[in-house]
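Student: quick one, structure for this:
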Amino acid sequence: MRRIFLITTYLLGIVFFLSFAVFVLSVSPLRFAQLLRDPEVAFALKFSLLTATISTAVTLSVALPIAYSLARYDFPLKRFIKVIVDLPMAFPELLTGLVLLVFFSHLVDPLLGEWAPRLSFTPKAVVLAQTAVALPFAIKVLYTAFEGVDRRYEWVARSLGYKPWEVFFKVVLPMVRGGLFSALAVAFARAFGAFGAVLIFAGGVRMKTETLPVGVFLSLSYGEMDKAVVMGSLLMVASLVTLLIIELLGEGKKQPRR
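Tutor: Sure, this is the predicted structure:
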């Protein structure tokens, strides 16, 4: 049985590696280097990094209090709210983008009127769409991390005179450092790779709301296969780095075998 399982694992790893390698090497190194300097590719990369960074910061600032509340407090409709918070993880991204578009166009924009500019189909919409995609995953990771902390540490800190905010920042957060970094990595990866929600809510306008995933779609639409491969390769590198971070953090939290 062990041999069969290992052979299956190695075969899958080899197939995945070969498919990724063939994808990247389908463009010659010289052409690849040329396209890396293409203004559109450079814009999409910089714009993706900027918006994903902002989205990650917004995501974590919102996910922390929500995850802690769900893990520690009892309040009315808690189970319902937890389901609602988790629900977008089961959505296709296109639906998430459509929900945002309808919500803002039918409720938020009419309420704000002339007090604020419309957000749909703007760079700000990219950040909102990325945040909507990343937020449920970050909440899930942080919720699991908070659930893993023994509440007795918090009770002891409170008995020693710590205020609630001091317990949270000086006791709880240091104990979930690994989960915090994992949530950050997951949020950045989800935001960086968000496509459907960004396309529907922010539009696919070249050199304006063009992230790398949107750039891949636009390049394919115009038959620019080489450019699509280069942008896709940059996405793969970002995903690889993120997964390595998560794996290393996970290794650091494992207990040594006896």
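Student: number of residues surrounding residue 207?
Tutor: By the criterion of other C-beta atoms under 10 Å, residue 207 has 11 neighbours. Where you see a C-beta, it was placed from the backbone N, CA and C, and this is true even at glycine.
Student: so what's it closest to, chain neighbours aside?
Tutor: residue 43 (5.3 Å; C-beta to C-beta, 6 or more residues apart in numbering).
Student: hmm, the one you found is touching residue 210, no?
Tutor: Yes: assessed by C-beta atoms under 8 Å, residue 43 is found in contact with residue 210 at 6.5 Å.
Student: so the two - more neighbours on which side?
Tutor: More crowded of residue 43 and residue 210, by other C-beta under 10 Å: residue 210, with 27 against 16.
Student: gap between that one and residue 48?
Tutor: 9 Å (C-beta to C-beta, to the nearest Å).
Student: and residue 127, how many neighbours does it have?
Tutor: By other C-beta under 10 Å, the residues close to residue 127 number 22.
Student: the strand or helix carrying it: which residues count as buried?
Tutor: Using DSSP states H and E, residue 127 falls within helix 123-147. Judged by neighbour count using 16 or more other C-beta atoms under 10 Å, the buried positions of helix 123-147 are 123-143, 145-146.
Student: now do stretch 163-180
Tutor: Residues of stretch 163-180 classed as buried by neighbour count (16+ other C-beta under 10 Å): 167, 168, 171, 172, 173, 175, 176, 178, 179, 180.
Student: can you add distance to residue 29, secondary structure and pLDDT and give those residues back as JSON lines?
Tutor: Formatted as JSON lines, these follow (distance: C-beta to C-beta, whole Å; DSSP: H, G, I helix; E, B strand; the rest coil; pLDDT from 0 to 100):
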{"residue": "167", "distance to residue 29": "55", "secondary structure": "helix", "pLDDT": "86"}
{"residue": "168", "distance to residue 29": "51", "secondary structure": "helix", "pLDDT": "87"}
{"residue": "171", "distance to residue 29": "52", "secondary structure": "helix", "pLDDT": "86"}
{"residue": "172", "distance to residue 29": "49", "secondary structure": "helix", "pLDDT": "88"}
{"residue": "173", "distance to residue 29": "45", "secondary structure": "helix", "pLDDT": "88"}
{"residue": "175", "distance to residue 29": "47", "secondary structure": "helix", "pLDDT": "89"}
{"residue": "176", "distance to residue 29": "43", "secondary structure": "coil", "pLDDT": "89"}
{"residue": "178", "distance to residue 29": "38", "secondary structure": "helix", "pLDDT": "84"}
{"residue": "179", "distance to residue 29": "40", "secondary structure": "helix", "pLDDT": "88"}
{"residue": "180", "distance to residue 29": "39", "secondary structure": "helix", "pLDDT": "89"}
